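Visitor: Any chance you could fold what I've pasted below:
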Amino acid sequence: MVICVPFGNGNKTSTGFWEDSTRLPEYYNRTYEYLKSLGIDEI
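Guide: Below is the predicted model of the structure:
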C-alpha cells in the first residue's frame, strides 16, 4: 500500500488569497509527521 501525502502549498496570490486552500502546509505537515511517528517508511 502506498500513502501519498502531497507537499503543502503556502503561496498566496498578489491579492492575498491562497493559491490552493485545499493544500495548506499546516494540514499536510502534521499528517506527514503523524504517519512517520507510526513507523511508516518514506519512499
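Visitor: rest of the way, CA atoms for contacts and neighbours
Guide: OK.
Visitor: Can you give me the distance of the spatially most central residue of the chain to residue 42?
Guide: Geometric centre of the chain, nearest residue: residue 28, 2.5 Å, by CA atoms, centre = their mean. Note on residue 28: its distance to residue 42, by CA to CA, to the nearest Å, is 15 Å.
Visitor: Would you mind measuring from whatever residue is furthest in space from the centre of the chain to residue 21?
Guide: The C-alpha centroid of the chain is most remote from residue 15, which lies 22.7 Å away (CA atoms, centre = their mean). Per CA to CA, residue 15 is found 14 Å from residue 21.
Visitor: ok, the residue nearest to the centre of the chain - contacts?
Guide: Contact analysis of residue 28 by CA atoms under 8 Å, 6 or more residues apart in numbering lists 5-8.
Visitor: Try it again at 10 Å.
Guide: By CA atoms under 10 Å, 6 or more residues apart in numbering, residue 28 lies in contact with 5-9, 22, 34.
Visitor: quick revisit: three-state assignment of the residue farthest from the centre of the chain?
Guide: Taken by DSSP: H, G, I helix; E, B strand; the rest coil, the conformation at residue 15 corresponds to coil.
Visitor: Quickly find the element holding residue 26.
Guide: The secondary structure element spanning residue 26 is helix 25-37 (assigned by DSSP states H and E).
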